[in-house]
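J.: take this sequence and fold it.
(one chain, ligands or ions: 3)
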Amino acid sequence: MRILIAGRSGQLARELADRLPRDGHEVTALGQPELDLAAPDTVRRAVEQVAPEAIVNAAAYTAVDRAEDERDAAFAVNAAGAGALAAEAARLGIPLVHVSTDYVFDGNKDAPYTEEDATGPTGVYGASKLAGEEAVLRAHPRSVVLRTAWVCGVHGNNFLKTMLRLGAERPKLSVVADQHGAPTFTADIAEAIARMLPALAAAPAGDPRFGLFHLSGAPYTTWHGFAAEIFRQAENRGHKVPELAAIGTADYPTKARRPANSRLDCHKIQQVHGIRPADWRQSLSNSLDTLTGPPR
Ligand SMILES: NC(=O)C1=CN([C@@H]2O[C@H](COP(=O)(O)OP(=O)(O)OC[C@H]3O[C@@H](n4cnc5c(N)ncnc54)[C@H](OP(=O)(O)O)[C@@H]3O)[C@@H](O)[C@H]2O)C=CC1
Ligand SMILES: Cc1cn([C@H]2C[C@H](O)[C@@H](COP(=O)(O)OP(=O)(O)O[C@H]3O[C@@H](C)C(=O)[C@@H](O)[C@H]3O)O2)c(=O)[nH]c1=O
Ligand SMILES: [Mg+2]
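T.: Ligands and ions are numbered 1, 2, ... in the order given. Now for the predicted structure:
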C-alpha cells in the first residue's frame with residue numbers, strides 16, 4: 001500500500017518510516033512545512049500529492065507543560081489538525097490510524113481504563129488530544145484511534161533518553177512512584193499498526209476493527225519502576241548509574257497535572273485485532289542495544 005505518515009521527525013513517525021516498508025509498503029512521511037497540521041490547506045495539498053491508500057497520524061503537539069500556556073497551538077494541531085486529516089481520509093475513502101494518549105483520563109479510577117470509561121483530561125494537552133479523538137471519529141467512520149502511553153524508543157526525545165542523560169550527569173535522581181502506567185515502545189506500536197493496516201484497508205465502515213483501542217506495554221509499573229529497570233539494564237551494559245529515589249507527585253511540581261492512574265486495559269485490541277501488549281522490559285533491552293550497545 002501507499003501510506004502517508006503525518007509527522008517526520010517524531011519518535012513514532014520515524015519508527016513507522018523504518019517499519020512499514022518492511023511489509024512492502026511505499027511510505028511517505030511528511031512534516032512541517034509541507035504538511036502542517038495547523039494549516040489545513042497544507043494538509044489537503046499533501047494528501048492530494050501523495051494520493052495514499054492509508055494514512056497514519058503520528059504528528060502531535062506533545063509538550064505537556066508548555067501546552068498549558070499554548071492552548072491555541074495545542075488545539076490547532078491535536079484537535080483541528082487531526083480532524084482535517086481525517087476529513088481528507090474520508091474524502092479519499094481510505095483508512096486512518098490516529099494516535100492518542102492516556103492523558104485523556106483524569107487518573108482517578110483504581111483499575112485500568114477501558115475504551116468505555118469516561119474521559120476527563122486534567123491538562124490542556126490531554127484536552128486537545130481528546131478533542132482530536134472526537135474530531136477524527138466524527139469526520140471519518142473508517143478511523144482507528146489508538147490510545148497509547150509513556151511512549152519511548154530509539155528516535156527522538158523520551159523518558160528513557162532523559163534518564164540515560166541525567167543518570168550520566170548526576171549522582172542521584174528522584175522519580176515519581178505514585179503515577180501508574182506502562183511504557184510503550186515505538187517498535188511495538190509500529191508493529192501493531194503494521195498488523196492492522198491491511199485489515200483496515202479491506203474493512204467497510206461500521207466494521208468493529210474501526211473505532212477506539214487501547215495499546216500499551218506490559219506489565220504495569222510506575223515511572224520510578226520504569227527508571228529502576230532502565231538503570232538495571234544500563235548497569236548490565238557497563239554504564240555508571242545514579243542512585244534512584246522514589247518520590248511523590250507533590251515532590252515533583254509541574255505546570256500540568258499528570259494522571260495518577262495511566263493504566264490502559266488492552267483487552268479489546270487483543271480480541272478484535274489479535275494484538276497483545278508487548279513486554280516493555282524486552283523492548284527496552286532492544287532499544288538499549290541500539291542506543292548503548294549490548295550487555296557485557
Ligand atoms: N510521547 C509520549 O509519551 C506519548 C505520545 N502519544 C501520542 O503519540 C503520537 C506520537 O508521539 P511522539 O512520536 O512521541 O511525538 P514527538 O513529540 O516525538 O513528535 C511529534 C511529531 O509531531 C510533529 N508535529 C508537531 N506539530 C506539527 C504540525 N503542526 N504539523 C505537522 N507535524 C507536527 C513534530 O514535528 P516537528 O519535529 O517538526 O515539530 C514531530 O514529528 C502523538 O499523537 C502523541 O500525542 C501518546 C502517548 C504518549
Ligand atoms: C525527568 C523526570 C521526570 N519525572 C516525572 C515527571 C512525570 O510525572 C514523569 C514522566 O516525565 P515526562 O517528562 O516524560 O512526562 P510527560 O511528558 O508528561 O509524558 C507524557 O507525554 C505525553 C506526550 C503523553 O502522551 C503521556 O503518555 C506521557 O508519556 O516522570 C520525575 O519524577 N523525575 C525526573 O527526573
Ligand atoms: Mg514529555
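
J.: just give me the neighbour total for the residue in the chain that ligand 1 sits nearest to.
T.: Closest residue of the chain to ligand 1, Cβ to the nearest ligand atom: residue 10 (2.3 Å). Every C-beta, even on glycine, is put in place using the N, C-alpha and C of the backbone. Per other Cβ atoms under 10 Å, the neighbour tally for residue 10 reads 23.

J.: residue 2 too?
T.: With other Cβ under 10 Å as criterion, residue 2 counts 13.

J.: how about the nearest residue to residue 151 once chain neighbours are set aside, what does it touch?
T.: The spatially closest residue to residue 151, leaving aside those adjacent along the chain, is residue 184, at 5.4 Å (Cβ to Cβ, 6 or more residues apart in numbering). Residues counted as contacts of residue 184 (Cβ atoms under 8 Å, 6 or more residues apart in numbering) are 148-152, 215-217, 280.

J.: again with residue 114
T.: Here residue 114 is in contact with 214, 265, 267-268 (criterion: Cβ under 8 Å, 6+ apart).

J.: bridged to the residue of the stretch 1-150 of the chain found nearest ligand 2, which residues?
T.: Of all residues in the stretch 1-150 of the chain, residue 101 sits closest to ligand 2, at 3.5 Å by Cβ to the nearest ligand atom. Residue 101 has these beta-bridge partners by DSSP bridges: residue 148.

J.: one step back: pretty sure the residue of the chain closest to ligand 1 contacts residue 56?
T.: No. Look at residue 10 against residue 56 with Cβ atoms under 8 Å: they stay out of range, at 11.5 Å.

J.: tell me how many other residues surround residue 48.
T.: So residue 48, with other Cβ under 10 Å, has 11 neighbours.

J.: what do you get for the one 4 residues further on?
T.: A total of 24 residues lie near residue 52 under the criterion other Cβ under 10 Å.

J.: and for residue 138?
T.: By other Cβ under 10 Å, neighbour count at residue 138 equals 13.

J.: quick one: the helices in the stretch 101-250 of the chain?
T.: 124-139, 159-169, 186-202, 223-236 (DSSP state H, counting those that start in this stretch).

J.: who does the first one touch, helix- and strand-wise?
T.: Counting contacts by 3 or more Cβ pairs under 8 Å, 6 or more residues apart in numbering; DSSP states H and E, helix 124-139 packs against helix 71-75, helix 82-92, strand 96-101, strand 143-148, strand 211-214.

J.: can I get these in CSV with distance to residue 135 and mean neighbour count?
T.: Formatted as CSV, the helices and strands packed on helix 124-139 follow (distance: least, Cβ to Cβ, whole Å; neighbours: other Cβ atoms under 10 Å):
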stretch, distance to residue 135, mean neighbour count
helix 71-75, 10, 18
helix 82-92, 3, 23
strand 96-101, 9, 26
strand 143-148, 10, 25
strand 211-214, 13, 20
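
J.: near ligand 2, which residues of the stretch 1-150 of the chain are found?
T.: 62, 64, 101-103, 149-150 (Cβ under 6 Å from any ligand atom).

J.: again, 8 Å this time
T.: 60, 62-65, 101-103, 125-126, 129, 148-150 (Cβ under 8 Å from any ligand atom).

J.: my guess is residue 168 meets residue 239, correct?
T.: Yes. Using Cβ under 8 Å, residue 168 is in contact with residue 239, at 7.5 Å.

J.: ok, these two, which is more surrounded?
T.: residue 239 (16 against 12).

J.: now that one: how far from residue 232?
T.: Per Cβ to Cβ, to the nearest Å, residue 239 is found 11 Å from residue 232.

J.: shared neighbours, these two?
T.: With Cβ under 8 Å, 6+ apart, residue 239 and residue 232 have no common neighbours.

J.: ok so, going back, inside helices: which ones of the contacts of residue 114?
T.: Residues of the contacts of residue 114 located in helices (DSSP state H): 267-268.

J.: most neighbours among the contacts of residue 114, which one is it?
T.: Of all the contacts of residue 114, the most densely surrounded is residue 214 (24 neighbours; neighbours counted as other Cβ under 10 Å).

J.: now that one. Nearest residue, chain neighbours left out?
T.: residue 264 (3.9 Å).

J.: doesn't residue 117 make contact with the one you found?
T.: No. Judged on Cβ under 8 Å, residue 264 makes no contact with residue 117 at a distance of 9.9 Å.

J.: looking at the two, which one has more neighbours?
T.: Shown here are residue 264 and residue 117; by other Cβ under 10 Å, residue 264 has more neighbours (29 against 15).

J.: what bridges to the more buried one?
T.: Bridge pairing for residue 264 - DSSP bridges - gives residue 113.
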